[in-house]
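Peer 1: output the structure for:
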Amino acid sequence: MIFGRPEAGNPAPAHRNPATLDVHVKKSLESTKGGRPRKLETLKGNFLQYRAGLHLYPCGPKNNARGPSVTRCAFVIDQSLPRGLIANTAAILAMTLGRNRPDLVGHAVHDADGVRHEGITRIVMPILMSDADGLAALRGRATPHETAGLGLVDVTEAAQRAKDYQAYEIRIGHMRQDDLRYLGLCLHGPAALVRSLTGELPLLR
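Peer 2: Presented below is the predicted three-dimensional model:
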């Protein structure tokens, strides 16, 4: 079982009153068929982006003077894992990324009925495929770039096998780098740097 410990959260960001929604957003919300939007329209430069393959879908501009400095993010997961463990690994990577970079999470929003929806990611987060050897090699190539602004999050088999956080800490504390098996990595930082390290990897489908 993979575990996690709760962290003290930041105060919830201010949210928009649904009564003040822009006219074009109201039109987008009203443009439905069978209860589903027919088209997603721009909300002050923000966007929802849907692409082929498996993604965690964001809303947010690539460049925003008040937004995150991170311009690219990629999850890389061992394609041989069972689907449930792939999903669990992605969730753990995303949780740690959000804890380390709360500025990547948008503010809460409201739908046309006034129901609150918590903020989600502001950047694109593609999920890419590799294998155990590829992940270890990628970790090795990426580590020297942390001084250049690259952020790294990893999930190892040591975490997957541990019953609680203390057991994980003890287990990984006795393991050398060469003994670690990586289940997944998250790389985030300057777009050119992240792309140079992950650009050849295929999407998880």
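Peer 1: Asn88 is in what secondary structure piece?
Peer 2: In the assignment (DSSP states H and E), Asn88 maps to helix 83-100.
Peer 1: so which elements touch that helix?
Peer 2: Helix 83-100 sits against strand 72-78, strand 151-156, strand 182-189, with contacts defined as 3 or more CB pairs under 8 Å, 6 or more residues apart in numbering; DSSP states H and E. Bear in mind the C-beta positions are built from the backbone N, C-alpha and C, glycine included.
Peer 1: packing partners for the shortest one?
Peer 2: The elements that strand 151-156 packs onto, with contact taken as 3+ CB pairs under 8 Å, 6+ apart, are helix 83-100, helix 132-142, strand 182-189.
Peer 1: average pLDDT for it?
Peer 2: Per-residue pLDDT over strand 151-156 has a mean of 96.
Peer 1: what residues does that strand touch?
Peer 2: Where contact means CB atoms under 8 Å, 6 or more residues apart in numbering, the residues beyond strand 151-156 that reach it are 2, 70, 89, 92-93, 96-97, 100-101, 139, 142-143, 146, 172, 180-189.
Peer 1: got the residue ranges for the helices in this protein?
Peer 2: 23-30, 83-100, 132-142, 157-161, 165-173, 191-198 (DSSP state H).
Peer 1: put the alpha carbons of the third one into CSV.
Peer 2: The reference is to helix 132-142. The C-alpha coordinates for helix 132-142 follow below in CSV (Å, rounded to 0.1, in the frame of the first residue of the first chain):
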residue,chain,number,x,y,z
ALA,A,132,12.2,0.5,-14.7
ASP,A,133,15.5,0.9,-16.5
GLY,A,134,14.4,3.9,-18.3
LEU,A,135,13.1,5.6,-15.2
ALA,A,136,16.4,4.9,-13.3
ALA,A,137,18.4,6.4,-16.3
LEU,A,138,16.1,9.4,-16.5
ARG,A,139,16.5,10.0,-12.7
GLY,A,140,20.3,9.9,-13.2
ARG,A,141,20.2,12.3,-16.1
ALA,A,142,17.8,14.7,-14.4
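Peer 1: pLDDT value on Thr42, please?
Peer 2: Reported pLDDT for Thr42: 35.
Peer 1: again, but for Arg205
Peer 2: The predicted local confidence for Arg205 is 85.
Peer 1: same thing with Gly4?
Peer 2: Reported pLDDT for Gly4: 41.
Peer 1: same question, Val124
Peer 2: So, for Val124, pLDDT stands at 87.
Peer 1: ok, now the one 5 residues further on?
Peer 2: The pLDDT attached to Met129 in the predicted structure is 97.
Peer 1: give the burial count for it, as a bare number.
Peer 2: 18 (other CB atoms under 10 Å).
Peer 1: ok, Glu81 - contacts?
Peer 2: That one is not Glu; residue 81 is Leu. By CB under 8 Å, 6+ apart, the contact list for Leu81 reads Thr89, Leu183.
Peer 1: now Arg116: how far from Arg122?
Peer 2: 18 Å (CB to CB, to the nearest Å).
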